[in-house]
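Could you look at this predicted model? Sequence included:
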Amino acid sequence: MQKVLIGILVFVVILVTGCGALFPTNYDRVDAERVRVLDFRYEPAEAGPGDLVKMYALFAGAGDSLIPQDIDWTVSFNVLSNDFGVDTALDIQPLMMQSYSFGYFSPNTSCLILSFRIPDSVMYNSASIPENWSSIIPAEYQSDIPDFIKSLSKNELIAFTQDLSKSAKKWGQVLKNNPGAEDSLLQADTLYPLYKNYFSQYIPAMLQFLTIKIRLFAEIQGAQKVRSTYAVRYNNCYKDIPGSRVYVNSNPVIDSVGIYKVNKANLQSFDPAVSNYTYEFIRLFSEDELAAFPDSIQTVEIDGKCTYFVAGFAAAPDSSLTIQSALQDGPATVEVLSTKWYFQLDEKEIAGVSPYDFMNIMNVGGFIEILYPPVDKRVKTFTLWLEVNDFLLNEINRPQGSNVREVRGRFKYL
């Protein structure tokens with residue numbers, strides 16, 4: 001059963017990543033006879049050694065063509081990665097899954113859920129942390145780390161940080177429930193004064209030096225490997241300690257999706273905050289919202305005198321420290337969110353319609369993108385997916401979060 005379930009996922013991914021001849025149309029257009037992988041989302045977005053992780057593989061299209069195949073699902077807990085372009089997975093081994101099942105996202109998608117545990121020893125075995133670990137520190141910042149830390153061997157640094165992180169998790173819970181308990185910790189816990197007086201200012205940088213990648217592979221017989229990368233670090237242990245300057249990445253939260261109808265033809269961009277044109281915002285609803293309110297599916301009236309833009313709104317992005325800020329007590333930086341839009345049209349409505357007359361979206365990574373309505377008025381029903389990813393430059397091996405929201409609507413032609 002495990003190989004059957006995973007085979008479905010891998011067959012999907014290989015369809016997506018394989019020969020371009022599989023896709024004579026735009027990649028962002030989902031067709032019933034083809035497949036698009038919408039997202040590989042990890043929960044949590046980052047984890048530490050020993051933690052349990054779930055991966056949600058979300059895909060749309062081609063329900064009948066997802067043929068189960070015998071495959072091998074493997075993992076590398078030892079990815080050699082550095083700033084010089086090296087990115088190699090070592091010691092690839094079978095993935096020991098804790099669970100695997102089909103999940104539910106919407107009637108228009110399929111979701112496969114895998115769970116696995118990060119080994120306790122993953123840091124010790126990672127080639128991304130060299131034996132001379134202090135060589136990771138940029139030359140201009142070597143003096144920002146004291147010699148008593150740089151003198152630790154790789155194993156000593158990992159062992160100390162791992163022990164400190166386990167205690168930090170307990171301290172965080174104590175201080176979260178009772179902010180006035182710090183004096184008690186200073187007196188009763190021999191490790192807390194060491195952290196507070198000597199290591200707290202260096203922990204944000206040390207955690208970046210001890211951030212590693214792992215990589216999951218799915219391989220189907222006679223086809224290429226498909227891979228997905230995940231980051232492991234200790235940051236979660238420090239998130240509740242007041243003033244720790246340690247940040248945890250989370251998956252983006254998509255608040256809503258809709259369409260701007262702007263009363264001006266042939267616009268190439270639109271910003272409602274500075275626009276001089278009148279406009280209407282038509283919010284589109286998700287499957288859960290439509291289930292609660294079946295009559296709430298929104299109609300978008302198409303007028304040749306107007307320009308249309310899809311629009312997404314996300315909750316406030318996370319912040320984190322670049323390696324420079326971590327080493328020199330600098331300010332946090334807000335992550336960047338990027339987008340990818342997908343759409344699917346009703347198969348009965350587009351039967352006999354030229355693909356050139358379908359709707360289209362200009363995908364350039366923004367939350368507001370041009371929507372080109374269908375030319376053929378027989379095309380009325382559509383589904384939209386907004387995928388959001390986060391990233392931040394100059395943070396070592398920063399975990400990447402992602403999320404997807406699906407909405408539906410109809411066109412009405414004037």
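Structure received. Just so it is clear, the structure is predicted and the values come from calculations on it, not from any experiment.

Mind checking what helix or strand follows the helix or strand K213 falls within in sequence?
Element membership of K213, judged by DSSP states H and E, is strand 212-220. Downstream of strand 212-220, the first helix or strand assigned by DSSP H and E is strand 225-232.

that older thread, and the strand holding K213, which strands flank it?
strand 71-76 (antiparallel), strand 225-232 (antiparallel) (DSSP bridges).

got the ones you listed as a markdown table, with mean pLDDT and mean neighbour count columns?
No exception for glycine: its C-beta is placed from N, CA and C like everyone else's. Converted to a markdown table, those look like this (pLDDT from 0 to 100; neighbours: other Cβ atoms under 10 Å):
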| stretch | mean pLDDT | mean neighbour count |
| --- | --- | --- |
| strand 71-76 | 81 | 20 |
| strand 225-232 | 86 | 20 |
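
Ok, which of these comes nearest N82?
strand 225-232 (14.3 Å; Cβ to Cβ).

mind listing what's buried in the following helix or strand past that closest one?
The helix or strand immediately downstream of strand 225-232 is strand 254-262, counting by DSSP H and E. Going by neighbour count (16 or more other Cβ atoms under 10 Å), the buried part of strand 254-262 is 254, 256-262.

Looking at the residues you listed, which is nearest A292?
In terms of Cβ to Cβ, no member of the buried residues of strand 254-262 lies closer to A292 than S256, at 15.3 Å.

quick one, what contacts that closest one?
283, 312-313 (Cβ atoms under 8 Å, 6 or more residues apart in numbering).

Go ahead and list the helix or strand containing the closest residue to Y356 other than its chain neighbours.
Counting by Cβ to Cβ, 6 or more residues apart in numbering, V375 is the residue found nearest to Y356 once chain neighbours are left out, at 7.4 Å. Counting by DSSP H and E, there is no helix or strand that carries V375.

coming back round to it: buried subset of the contacts of S256 as a ChimeraX selection?
Only the buried entries of the contacts of S256 go into this ChimeraX selection, using 16+ other Cβ under 10 Å:
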select :312
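
Next, L327: secondary structure please.
helix (DSSP: H, G, I helix; E, B strand; the rest coil).

An error on my part: the question was meant for A291.
helix.

Measure how buried it is and give me the count.
12 (other Cβ atoms under 10 Å).

check contacts around it.
Contacts of A291 (Cβ under 8 Å, 6+ apart): none.

Surely I129 touches N155?
No - between I129 and N155 there is no contact under Cβ atoms under 8 Å: 9.8 Å.

Among those two, which residue is more densely surrounded?
Remark: of I129 and N155, I129 carries more neighbours, 20 against 13, as counted by other Cβ under 10 Å.

Leaving out chain neighbours, which residue sits closest to that one?
Per Cβ to Cβ, 6+ apart, closest to I129 is K154, 5.8 Å.

Verify the stated contact: the one you found with E131.
Yes - using Cβ under 8 Å, K154 is in contact with E131, at 5.1 Å.

out of those two, which sits in the more crowded spot?
K154 (18 against 9).

confidence score at that one?
For K154, the pLDDT comes out at 96.

tell me the contacts of the residue nearest to V379 when sequence neighbours are not counted?
Among residues not flanking V379 along the chain, E349 sits closest, at 5.3 Å (Cβ to Cβ, 6+ apart). Contact analysis of E349 by Cβ under 8 Å, 6+ apart lists 378-381.

Please apply the same query to E387.
38-39, 339-342, 402-404.

Could you rank the residues you listed by neighbour count and give me the top one?
Counting by other Cβ under 10 Å, top hit in the contacts of E387: L38 with 25 neighbours.

wait, is that one part of a helix?
No - using three-state DSSP, the assignment for L38 is strand, not a helix.

ok, it touching S402?
No - between L38 and S402 there is no contact under Cβ under 8 Å: 9.5 Å.

who touches the one helix or strand M206 maps to?
Using DSSP H and E, M206 falls within helix 203-209. By Cβ under 8 Å, 6+ apart, the residues outside helix 203-209 that reach it are 129, 133, 136-137, 144-145, 149, 157, 161, 164, 195, 199, 233-235, 238, 244-246, 321, 323, 325-327, 395-397.

Just the C-alphas of that helix, formatted as PDB.
Extracted in PDB, the C-alpha atoms of helix 203-209 (Å, rounded to 0.1, in the frame of the first residue of the first chain):
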ATOM      1  CA  ILE A 203      23.000  32.000  19.900                       C
ATOM      2  CA  PRO A 204      21.300  33.600  16.800                       C
ATOM      3  CA  ALA A 205      24.500  33.200  14.900                       C
ATOM      4  CA  MET A 206      25.300  29.700  16.300                       C
ATOM      5  CA  LEU A 207      21.900  28.500  15.200                       C
ATOM      6  CA  GLN A 208      22.600  29.600  11.600                       C
ATOM      7  CA  PHE A 209      26.000  27.800  11.700                       C
END
